[in-house]
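Colleague: Any chance you could fold what I've pasted below:
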Amino acid sequence: MKETLSITELDGKKFKIRLVEPDNDSKAVITHYLHNINNGVSKYYEEDAKKYLNEFLSYKYDEEELKVVAETAIQQLLFEVENVPFPTPENYTFKFIDLFAGIGGFRMAMQNLGGKCVYTSEWDPQAQKTYRANYGEVPFGDITKEKNKQYIPDDFDVLCAGFPCQAFSIAGKRGGFEDTRGTLFFDVAEIIKRKKPKAVFLENVKGLRNHNGGKTLATILNVLRNDLGYYVPEPQIVNAKDFGVPQNRERIFIVGFRQDLGIESFSYPKPSGIPVTFGDDAMEKNPVPTKYYLSTQYLKTLKEHKARHESKGNGFGYDIIPHDGIANAIVVGGMGRERNLIYDERLTDFTPTTNIKGEVNKEGIRKMTPREWARLQGFPNEFVIPVADAAAYKQFGNSVAVPAIQATAEKILKTANIKHNVKRK
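Modeller: Numbering: from 1, shown residues only. Reported below is the predicted structural model:
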(Lines give C-alpha, C1' and ligand atoms only; values in the text may rest on other atoms or scores of the structure.)
Protein backbone atom coordinates (compact mmCIF):
# COMPACT_ATOMS: atom_id res chain seq x y z
CA MET A 1 0.00 0.00 0.00
CA LYS A 2 1.30 3.44 -0.93
CA GLU A 3 1.31 6.04 1.86
CA THR A 4 1.45 9.81 1.50
CA LEU A 5 2.24 12.11 4.41
CA SER A 6 1.15 15.72 4.08
CA ILE A 7 1.30 18.59 6.54
CA THR A 8 -1.51 21.13 6.55
CA GLU A 9 -2.31 24.10 8.78
CA LEU A 10 -5.65 25.05 10.33
CA ASP A 11 -6.23 27.84 12.86
CA GLY A 12 -2.50 28.18 13.43
CA LYS A 13 -2.06 24.47 14.18
CA LYS A 14 -0.16 22.11 11.92
CA PHE A 15 -1.61 18.68 11.29
CA LYS A 16 0.10 15.66 9.81
CA ILE A 17 -2.31 13.77 7.60
CA ARG A 18 -1.36 10.28 6.53
CA LEU A 19 -3.22 9.02 3.48
CA VAL A 20 -3.01 5.35 2.57
CA GLU A 21 -3.50 4.91 -1.18
CA PRO A 22 -6.86 3.18 -1.84
CA ASP A 23 -7.59 0.84 -4.74
CA ASN A 24 -9.27 2.19 -7.87
CA ASP A 25 -12.80 1.13 -6.88
CA SER A 26 -12.47 3.01 -3.61
CA LYS A 27 -10.95 6.00 -5.41
CA ALA A 28 -13.96 6.03 -7.73
CA VAL A 29 -16.38 6.22 -4.80
CA ILE A 30 -14.35 8.89 -2.99
CA THR A 31 -13.81 11.12 -6.01
CA HIS A 32 -17.44 10.81 -7.13
CA TYR A 33 -18.52 11.78 -3.61
CA LEU A 34 -16.20 14.78 -3.49
CA HIS A 35 -17.30 15.93 -6.94
CA ASN A 36 -20.91 15.94 -5.76
CA ILE A 37 -20.39 16.95 -2.13
CA ASN A 38 -22.44 20.12 -2.55
CA ASN A 39 -25.45 18.66 -4.31
CA GLY A 40 -28.02 15.91 -3.85
CA VAL A 41 -26.08 13.39 -5.94
CA SER A 42 -23.55 12.94 -3.11
CA LYS A 43 -26.03 10.76 -1.21
CA TYR A 44 -25.37 7.90 -3.66
CA TYR A 45 -21.72 7.81 -2.64
CA GLU A 46 -21.64 9.30 0.86
CA GLU A 47 -21.91 6.23 3.10
CA ASP A 48 -19.20 4.21 1.34
CA ALA A 49 -17.03 7.26 0.67
CA LYS A 50 -16.89 8.17 4.35
CA LYS A 51 -16.16 4.57 5.25
CA TYR A 52 -13.27 4.49 2.80
CA LEU A 53 -12.00 7.87 3.93
CA ASN A 54 -11.91 6.65 7.53
CA GLU A 55 -9.99 3.58 6.42
CA PHE A 56 -7.42 5.53 4.44
CA LEU A 57 -6.86 8.53 6.71
CA SER A 58 -4.91 7.96 9.91
CA TYR A 59 -3.77 10.52 12.43
CA LYS A 60 -1.34 10.88 15.31
CA TYR A 61 -3.51 13.10 17.48
CA ASP A 62 -5.89 12.87 20.42
CA GLU A 63 -9.50 11.78 19.83
CA GLU A 64 -10.94 15.28 20.27
CA GLU A 65 -8.80 16.55 17.40
CA LEU A 66 -9.71 13.81 14.95
CA LYS A 67 -12.85 15.50 13.66
CA VAL A 68 -11.06 18.73 12.81
CA VAL A 69 -8.27 16.83 11.07
CA ALA A 70 -10.79 14.75 9.10
CA GLU A 71 -12.51 17.90 7.88
CA THR A 72 -9.15 19.38 6.91
CA ALA A 73 -8.23 16.20 5.05
CA ILE A 74 -11.51 16.27 3.12
CA GLN A 75 -10.89 19.91 2.16
CA GLN A 76 -7.42 18.94 0.93
CA LEU A 77 -8.80 16.06 -1.13
CA LEU A 78 -11.58 18.30 -2.42
CA PHE A 79 -8.95 20.74 -3.68
CA GLU A 80 -7.18 17.90 -5.46
CA VAL A 81 -10.28 16.74 -7.35
CA GLU A 82 -11.34 20.28 -8.28
CA ASN A 83 -7.92 21.70 -9.20
CA VAL A 84 -7.87 20.03 -12.63
CA PRO A 85 -7.76 21.30 -16.23
CA PHE A 86 -11.43 20.53 -16.92
CA PRO A 87 -13.59 20.90 -13.80
CA THR A 88 -17.38 20.73 -13.75
CA PRO A 89 -18.99 23.97 -15.00
CA GLU A 90 -19.85 26.16 -12.02
CA ASN A 91 -23.43 26.81 -13.11
CA TYR A 92 -24.19 23.48 -14.75
CA THR A 93 -27.67 23.11 -16.25
CA PHE A 94 -28.06 19.35 -16.77
CA LYS A 95 -26.63 16.01 -15.59
CA PHE A 96 -25.27 13.08 -17.56
CA ILE A 97 -23.44 9.79 -17.06
CA ASP A 98 -20.40 8.67 -19.04
CA LEU A 99 -20.16 4.90 -19.73
CA PHE A 100 -17.19 3.23 -21.48
CA ALA A 101 -15.70 6.64 -20.89
CA GLY A 102 -12.16 6.09 -22.18
CA ILE A 103 -10.36 9.39 -21.61
CA GLY A 104 -13.53 11.46 -21.45
CA GLY A 105 -14.34 12.60 -25.00
CA PHE A 106 -18.06 12.54 -24.23
CA ARG A 107 -17.43 14.32 -20.94
CA MET A 108 -15.42 17.08 -22.62
CA ALA A 109 -18.25 17.71 -25.09
CA MET A 110 -21.04 17.60 -22.51
CA GLN A 111 -19.19 19.87 -20.06
CA ASN A 112 -18.68 22.34 -22.92
CA LEU A 113 -22.48 22.44 -23.16
CA GLY A 114 -22.92 23.12 -19.44
CA GLY A 115 -23.37 19.55 -18.22
CA LYS A 116 -22.28 17.87 -14.99
CA CYS A 117 -21.08 14.27 -15.04
CA VAL A 118 -22.59 12.44 -12.05
CA TYR A 119 -21.22 8.95 -12.81
CA THR A 120 -18.51 7.56 -15.03
CA SER A 121 -17.24 4.08 -15.83
CA GLU A 122 -14.08 2.87 -17.61
CA TRP A 123 -12.26 -0.38 -16.87
CA ASP A 124 -8.79 0.34 -18.34
CA PRO A 125 -6.37 1.51 -15.57
CA GLN A 126 -4.27 3.64 -17.94
CA ALA A 127 -7.36 5.40 -19.29
CA GLN A 128 -8.54 5.89 -15.70
CA LYS A 129 -5.23 7.62 -14.98
CA THR A 130 -5.69 10.05 -17.88
CA TYR A 131 -9.33 10.63 -16.96
CA ARG A 132 -8.43 11.52 -13.38
CA ALA A 133 -5.61 13.84 -14.43
CA ASN A 134 -8.02 15.90 -16.52
CA TYR A 135 -11.33 15.71 -14.65
CA GLY A 136 -10.30 14.92 -11.08
CA GLU A 137 -12.41 11.79 -10.95
CA VAL A 138 -11.54 8.10 -11.05
CA PRO A 139 -14.05 6.15 -13.18
CA PHE A 140 -15.72 3.07 -11.75
CA GLY A 141 -14.41 -0.15 -13.28
CA ASP A 142 -16.30 -3.05 -14.81
CA ILE A 143 -19.84 -1.88 -15.56
CA THR A 144 -21.08 -5.47 -15.77
CA LYS A 145 -20.64 -5.76 -11.99
CA GLU A 146 -23.80 -5.02 -10.04
CA LYS A 147 -21.87 -3.29 -7.25
CA ASN A 148 -20.74 -0.65 -9.77
CA LYS A 149 -24.24 -0.23 -11.23
CA GLN A 150 -25.62 0.36 -7.74
CA TYR A 151 -23.77 3.69 -7.50
CA ILE A 152 -25.48 5.16 -10.56
CA PRO A 153 -27.73 8.02 -9.38
CA ASP A 154 -31.33 8.66 -10.39
CA ASP A 155 -32.62 11.68 -12.26
CA PHE A 156 -29.81 12.38 -14.70
CA ASP A 157 -30.78 13.74 -18.10
CA VAL A 158 -28.55 12.02 -20.66
CA LEU A 159 -26.81 8.64 -20.83
CA CYS A 160 -23.66 8.66 -22.99
CA ALA A 161 -21.91 5.46 -24.05
CA GLY A 162 -19.35 4.48 -26.66
CA PHE A 163 -19.93 0.77 -26.14
CA PRO A 164 -17.97 -1.97 -28.01
CA CYS A 165 -19.44 -3.75 -31.01
CA GLN A 166 -20.37 -7.35 -30.12
CA ALA A 167 -22.51 -10.00 -31.80
CA PHE A 168 -25.75 -11.15 -30.18
CA SER A 169 -27.16 -14.64 -29.95
CA ILE A 170 -30.52 -13.89 -31.51
CA ALA A 171 -33.19 -16.43 -30.60
CA GLY A 172 -36.18 -14.80 -32.28
CA LYS A 173 -36.60 -13.14 -35.64
CA ARG A 174 -36.48 -9.62 -34.28
CA GLY A 175 -33.99 -9.89 -31.43
CA GLY A 176 -34.85 -8.30 -28.11
CA PHE A 177 -33.56 -7.37 -24.68
CA GLU A 178 -32.91 -10.95 -23.56
CA ASP A 179 -30.96 -11.72 -26.74
CA THR A 180 -28.34 -9.14 -25.77
CA ARG A 181 -27.41 -10.86 -22.50
CA GLY A 182 -23.71 -11.42 -22.10
CA THR A 183 -22.84 -8.36 -24.17
CA LEU A 184 -21.95 -4.88 -23.00
CA PHE A 185 -24.95 -3.40 -24.80
CA PHE A 186 -27.11 -5.42 -22.40
CA ASP A 187 -25.60 -3.51 -19.49
CA VAL A 188 -26.26 -0.19 -21.23
CA ALA A 189 -29.87 -1.24 -21.92
CA GLU A 190 -30.31 -2.43 -18.34
CA ILE A 191 -29.17 0.96 -17.00
CA ILE A 192 -31.54 2.76 -19.39
CA LYS A 193 -34.37 0.50 -18.22
CA ARG A 194 -33.66 1.22 -14.54
CA LYS A 195 -32.93 4.94 -14.72
CA LYS A 196 -35.04 6.10 -17.70
CA PRO A 197 -32.97 9.16 -18.70
CA LYS A 198 -34.60 11.72 -20.97
CA ALA A 199 -32.10 11.01 -23.74
CA VAL A 200 -29.46 8.48 -24.73
CA PHE A 201 -26.46 9.08 -26.98
CA LEU A 202 -24.58 6.02 -28.23
CA GLU A 203 -21.48 5.91 -30.45
CA ASN A 204 -19.94 2.97 -32.27
CA VAL A 205 -17.78 2.02 -35.23
CA LYS A 206 -19.20 2.50 -38.71
CA GLY A 207 -19.13 -1.28 -39.22
CA LEU A 208 -21.95 -1.72 -36.70
CA ARG A 209 -24.37 -0.96 -39.53
CA ASN A 210 -23.47 -4.20 -41.33
CA HIS A 211 -22.26 -6.22 -38.35
CA ASN A 212 -23.61 -9.78 -38.33
CA GLY A 213 -25.56 -9.08 -41.49
CA GLY A 214 -27.22 -6.03 -39.94
CA LYS A 215 -28.79 -8.09 -37.14
CA THR A 216 -26.74 -6.45 -34.39
CA LEU A 217 -27.93 -2.92 -35.19
CA ALA A 218 -31.49 -4.15 -35.77
CA THR A 219 -31.51 -5.72 -32.32
CA ILE A 220 -30.14 -2.58 -30.68
CA LEU A 221 -32.83 -0.44 -32.32
CA ASN A 222 -35.57 -2.93 -31.42
CA VAL A 223 -34.49 -2.97 -27.77
CA LEU A 224 -34.36 0.82 -27.56
CA ARG A 225 -37.63 1.39 -29.40
CA ASN A 226 -39.85 -1.47 -28.33
CA ASP A 227 -38.42 -2.92 -25.11
CA LEU A 228 -37.34 0.38 -23.53
CA GLY A 229 -39.86 2.74 -25.10
CA TYR A 230 -37.61 5.37 -26.67
CA TYR A 231 -38.11 7.32 -29.86
CA VAL A 232 -35.01 6.48 -31.91
CA PRO A 233 -34.54 8.09 -35.32
CA GLU A 234 -32.47 6.26 -37.91
CA PRO A 235 -28.82 6.22 -36.85
CA GLN A 236 -26.41 8.33 -38.87
CA ILE A 237 -22.80 7.98 -39.93
CA VAL A 238 -21.02 11.16 -38.81
CA ASN A 239 -17.54 12.13 -40.01
CA ALA A 240 -15.21 14.03 -37.68
CA LYS A 241 -13.74 16.05 -40.59
CA ASP A 242 -17.12 17.76 -41.04
CA PHE A 243 -16.89 19.28 -37.55
CA GLY A 244 -13.61 21.11 -37.42
CA VAL A 245 -10.92 18.45 -37.00
CA PRO A 246 -8.63 17.24 -39.83
CA GLN A 247 -9.40 13.52 -39.55
CA ASN A 248 -11.45 11.30 -41.85
CA ARG A 249 -13.18 9.38 -39.06
CA GLU A 250 -16.63 7.93 -39.62
CA ARG A 251 -18.65 6.67 -36.68
CA ILE A 252 -22.27 5.68 -36.24
CA PHE A 253 -24.31 7.80 -33.82
CA ILE A 254 -27.52 6.49 -32.25
CA VAL A 255 -29.74 8.86 -30.29
CA GLY A 256 -32.94 8.21 -28.40
CA PHE A 257 -35.58 10.15 -26.47
CA ARG A 258 -37.87 8.90 -23.74
CA GLN A 259 -41.34 8.43 -25.21
CA ASP A 260 -43.18 10.61 -22.72
CA LEU A 261 -41.29 13.65 -24.05
CA GLY A 262 -43.47 13.44 -27.16
CA ILE A 263 -40.57 13.85 -29.60
CA GLU A 264 -41.31 12.63 -33.11
CA SER A 265 -38.43 13.99 -35.18
CA PHE A 266 -34.73 14.69 -34.86
CA SER A 267 -32.19 16.25 -37.21
CA TYR A 268 -28.53 15.42 -36.92
CA PRO A 269 -26.18 18.42 -37.14
CA LYS A 270 -25.08 19.66 -40.54
CA PRO A 271 -21.36 19.90 -41.32
CA SER A 272 -19.81 23.02 -39.84
CA GLY A 273 -18.15 24.04 -43.09
CA ILE A 274 -14.97 24.96 -41.19
CA PRO A 275 -11.95 24.35 -43.47
CA VAL A 276 -9.27 22.30 -41.71
CA THR A 277 -5.91 20.81 -42.61
CA PHE A 278 -3.43 18.73 -40.68
CA GLY A 279 -0.68 21.32 -41.03
CA ASP A 280 -2.76 24.22 -39.75
CA ASP A 281 -4.89 22.50 -37.12
CA ALA A 282 -2.94 19.55 -35.69
CA MET A 283 0.76 19.63 -36.52
CA GLU A 284 3.28 20.47 -33.81
CA LYS A 285 4.48 24.06 -34.11
CA ASN A 286 7.99 23.17 -32.92
CA PRO A 287 10.37 20.39 -34.03
CA VAL A 288 9.66 17.04 -32.35
CA PRO A 289 12.12 14.58 -30.78
CA THR A 290 14.09 12.18 -32.96
CA LYS A 291 12.20 9.19 -31.54
CA TYR A 292 9.19 10.01 -33.74
CA TYR A 293 11.19 9.70 -36.97
CA LEU A 294 11.26 6.35 -38.74
CA SER A 295 14.47 4.40 -39.03
CA THR A 296 15.83 3.62 -42.48
CA GLN A 297 15.15 -0.09 -41.92
CA TYR A 298 11.56 0.45 -40.79
CA LEU A 299 10.88 2.76 -43.74
CA LYS A 300 12.41 0.23 -46.16
CA THR A 301 10.12 -2.49 -44.76
CA LEU A 302 7.04 -0.29 -45.16
CA LYS A 303 7.92 0.58 -48.76
CA GLU A 304 8.47 -3.08 -49.68
CA HIS A 305 5.23 -4.08 -47.98
CA LYS A 306 3.27 -1.44 -49.91
CA ALA A 307 4.92 -2.40 -53.22
CA ARG A 308 3.93 -6.05 -52.74
CA HIS A 309 0.30 -5.10 -52.20
CA GLU A 310 0.26 -2.65 -55.11
CA SER A 311 1.57 -5.37 -57.42
CA LYS A 312 -1.51 -7.40 -56.48
CA GLY A 313 -3.83 -4.48 -57.08
CA ASN A 314 -4.36 -3.72 -53.39
CA GLY A 315 -4.23 -0.25 -51.87
CA PHE A 316 -2.98 -1.49 -48.51
CA GLY A 317 0.10 0.12 -47.00
CA TYR A 318 1.55 3.16 -45.31
CA ASP A 319 0.31 6.64 -46.15
CA ILE A 320 1.94 10.05 -45.85
CA ILE A 321 -0.50 12.85 -45.04
CA PRO A 322 0.25 16.16 -46.80
CA HIS A 323 0.30 19.28 -44.66
CA ASP A 324 -2.73 20.62 -46.53
CA GLY A 325 -4.57 17.30 -46.24
CA ILE A 326 -6.77 15.38 -43.84
CA ALA A 327 -5.51 12.50 -41.68
CA ASN A 328 -6.85 8.99 -42.07
CA ALA A 329 -8.77 7.60 -39.13
CA ILE A 330 -6.48 7.12 -36.15
CA VAL A 331 -6.98 3.63 -34.77
CA VAL A 332 -5.35 1.33 -32.24
CA GLY A 333 -2.42 -0.67 -33.58
CA GLY A 334 0.55 -0.08 -35.85
CA MET A 335 -1.53 0.65 -38.95
CA GLY A 336 -3.14 3.60 -37.19
CA ARG A 337 0.29 5.22 -37.08
CA GLU A 338 1.58 3.89 -40.42
CA ARG A 339 -1.45 5.21 -42.29
CA ASN A 340 -0.78 8.64 -40.80
CA LEU A 341 2.87 9.41 -41.44
CA ILE A 342 3.95 12.96 -42.31
CA TYR A 343 6.89 14.83 -43.78
CA ASP A 344 8.66 17.04 -41.23
CA GLU A 345 12.06 18.26 -42.42
CA ARG A 346 12.86 20.38 -39.37
CA LEU A 347 15.03 17.73 -37.72
CA THR A 348 18.70 18.73 -37.60
CA ASP A 349 20.21 16.16 -35.21
CA PHE A 350 19.76 12.64 -36.58
CA THR A 351 21.33 10.88 -33.59
CA PRO A 352 18.98 8.05 -32.52
CA THR A 353 17.59 8.36 -29.01
CA THR A 354 16.08 4.85 -28.96
CA ASN A 355 17.31 1.44 -30.07
CA ILE A 356 16.61 1.19 -33.82
CA LYS A 357 17.80 -0.90 -36.75
CA GLY A 358 19.64 1.27 -39.23
CA GLU A 359 19.71 5.06 -38.98
CA VAL A 360 17.16 7.84 -38.64
CA ASN A 361 15.80 8.47 -42.15
CA LYS A 362 16.94 11.67 -43.90
CA GLU A 363 13.67 12.07 -45.84
CA GLY A 364 11.96 13.71 -42.88
CA ILE A 365 9.31 11.01 -42.53
CA ARG A 366 7.92 10.59 -39.05
CA LYS A 367 4.88 9.30 -37.24
CA MET A 368 2.52 11.75 -35.60
CA THR A 369 2.94 12.51 -31.91
CA PRO A 370 0.31 11.69 -29.26
CA ARG A 371 -0.42 15.43 -28.99
CA GLU A 372 -1.15 15.57 -32.71
CA TRP A 373 -3.52 12.62 -32.29
CA ALA A 374 -5.18 14.49 -29.42
CA ARG A 375 -5.79 17.46 -31.72
CA LEU A 376 -7.16 15.16 -34.42
CA GLN A 377 -9.81 14.10 -31.90
CA GLY A 378 -10.56 17.67 -30.88
CA PHE A 379 -8.92 17.67 -27.44
CA PRO A 380 -7.53 21.09 -26.47
CA ASN A 381 -3.82 21.62 -25.84
CA GLU A 382 -4.50 21.88 -22.10
CA PHE A 383 -5.51 18.21 -22.06
CA VAL A 384 -2.97 16.37 -19.89
CA ILE A 385 -1.30 13.23 -21.27
CA PRO A 386 0.11 11.53 -18.13
CA VAL A 387 0.87 8.15 -19.74
CA ALA A 388 3.60 6.74 -21.98
CA ASP A 389 3.27 7.14 -25.76
CA ALA A 390 2.07 3.58 -26.38
CA ALA A 391 -0.84 4.02 -23.97
CA ALA A 392 -1.56 7.53 -25.30
CA TYR A 393 -1.88 6.33 -28.91
CA LYS A 394 -4.27 3.62 -27.76
CA GLN A 395 -6.36 6.06 -25.74
CA PHE A 396 -6.72 8.67 -28.49
CA GLY A 397 -7.30 5.96 -31.09
CA ASN A 398 -10.17 4.58 -29.01
CA SER A 399 -11.64 7.98 -28.19
CA VAL A 400 -14.51 9.85 -29.76
CA ALA A 401 -14.02 13.02 -31.82
CA VAL A 402 -15.10 15.70 -29.36
CA PRO A 403 -16.45 18.32 -31.81
CA ALA A 404 -18.67 15.79 -33.63
CA ILE A 405 -20.02 14.56 -30.28
CA GLN A 406 -20.60 18.12 -29.08
CA ALA A 407 -22.46 19.21 -32.22
CA THR A 408 -24.77 16.18 -31.98
CA ALA A 409 -25.23 16.53 -28.22
CA GLU A 410 -26.26 20.15 -28.68
CA LYS A 411 -28.99 18.98 -31.07
CA ILE A 412 -30.10 16.32 -28.57
CA LEU A 413 -30.37 18.84 -25.74
CA LYS A 414 -32.33 21.31 -27.87
CA THR A 415 -34.70 18.60 -29.08
CA ALA A 416 -35.31 17.32 -25.53
CA ASN A 417 -35.71 20.90 -24.26
CA ILE A 418 -32.85 20.41 -21.79
CA LYS A 419 -31.33 23.71 -20.74
CA HIS A 420 -27.71 24.06 -21.82
CA ASN A 421 -24.95 26.51 -22.60
CA VAL A 422 -22.47 26.43 -25.43
CA LYS A 423 -18.71 26.79 -24.99
CA ARG A 424 -16.93 27.30 -28.29
CA LYS A 425 -13.22 27.14 -29.02
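
Colleague: any idea of the mean pLDDT for the host helix or strand of T216?
Modeller: Element membership for T216, per DSSP states H and E: helix 215-222. What helix 215-222 shows for mean pLDDT is 92.

Colleague: Just the residues contacting that helix, thanks.
Modeller: Outside helix 215-222, the residues that touch it by Cβ atoms under 8 Å, 6 or more residues apart in numbering are 165-168, 170, 174-176, 179-180, 185, 202, 208-209, 211, 232, 235, 252, 254. C-beta: built from backbone N, CA, C; applies to glycine.

Colleague: Heading C-terminal from that helix, find the next helix or strand.
Modeller: Next along from helix 215-222, by DSSP H and E: strand 230-231.

Colleague: Give me the contact list for that following strand.
Modeller: For strand 230-231, the external contacting residues (Cβ under 8 Å, 6+ apart) are 192, 200, 224-225, 256-259, 261, 263-264, 266.

Colleague: In ChimeraX, how would I select the buried members of the contacts of helix 215-222?
Modeller: Here is the ChimeraX selection string for the buried members of these, based on 16 or more other Cβ atoms under 10 Å:
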select :165,168,170,175,176,179,180,185,202,208,211,232,235,252,254
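
Colleague: List the ones among the contacts of helix 215-222 that fall in strands.
Modeller: Per DSSP state E, strands hold the following members of those: 202, 252, 254.

Colleague: Using the record's assignment, carve the chain into domains.
Modeller: As given by automatic domain parsing, the domain ranges for the chain are 3-82, 94-271+400-415, 278-396.

Colleague: and among those domains, the most buried is which?
Modeller: domain 94-271+400-415 (a mean of 20; mean count of other Cβ atoms under 10 Å).

Colleague: measure that domain end to end?
Modeller: End-to-end distance of domain 94-271+400-415 (Cα to Cα, to the nearest Å): 14 Å.

Colleague: show me where the stretch 251-400 of the chain has strands.
Modeller: Listed in chain order, the strands of the stretch 251-400 of the chain (DSSP state E, counting those that start in this stretch) span 327-328, 341-343, 365-367.

Colleague: list the helices and strands the shortest one packs on?
Modeller: Read it as strand 327-328. On a contact count with 3 or more Cβ pairs under 8 Å, 6 or more residues apart in numbering; DSSP states H and E, strand 327-328 meets strand 247-248.

Colleague: now the helices for the protein?
Modeller: Per DSSP state H, the chain carries helices over the ranges 24-35, 46-56, 63-82, 105-112, 125-135, 146-149, 184-195, 215-222, 278-281, 296-311, 334-338, 370-376, 389-398, 402-415.

Colleague: Quick one, which of those helices gets closest to N355.
Modeller: Each of the helices of the chain has some distance to N355 by Cβ to Cβ; the shortest is helix 296-311, at 11.8 Å.

Colleague: Where does pLDDT dip in the stretch 51-200 of the chain?
Modeller: Applying pLDDT under 70 to the stretch 51-200 of the chain picks out residues 56-73, 168-174.

Colleague: Quick check: the farthest pair among the contacts of strand 230-231?
Modeller: I192 and E264 (19.7 Å).

Colleague: quick one on the thing from earlier: output the strands of the stretch 251-400 of the chain as CSV; include the columns distance to C160.
Modeller: As requested, the strands of the stretch 251-400 of the chain are exported to CSV (distance: least, Cβ to Cβ, whole Å):
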stretch, distance to C160
strand 327-328, 25
strand 341-343, 32
strand 365-367, 31
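
Colleague: Specify the stretch among these that is closest to K241.
Modeller: Nearest to K241, of the strands of the stretch 251-400 of the chain and by Cβ to Cβ, is strand 327-328 at 8.7 Å.

Colleague: Pairing partners for that closest one, with directions?
Modeller: strand 247-248 (parallel) (DSSP bridges).

Colleague: Contacts made by the partner strand with the rest, please.
Modeller: Here strand 247-248 makes contact (Cβ under 8 Å, 6+ apart) with 239-241, 326-330, 376-377, 401.

Colleague: for that strand, what is the average pLDDT?
Modeller: 98.

Colleague: what's the answer for stretch 322-330, then?
Modeller: pLDDT averaged over stretch 322-330 gives 96.

Colleague: Next, the distance between the ends of that stretch.
Modeller: 16 Å.

Colleague: now stretch 108-123
Modeller: Stretch 108-123: ends 19 Å apart by Cα to Cα.

Colleague: same question, stretch 186-203
Modeller: Where stretch 186-203 begins and where it ends lie 15 Å apart, using Cα to Cα.

Colleague: Please tell me how far that stretch is from the chain's geometric centre.
Modeller: Here stretch 186-203 shows a centroid-to-chain-centroid distance of 18 Å under the convention Cα atoms, centre = their mean, to the nearest Å.
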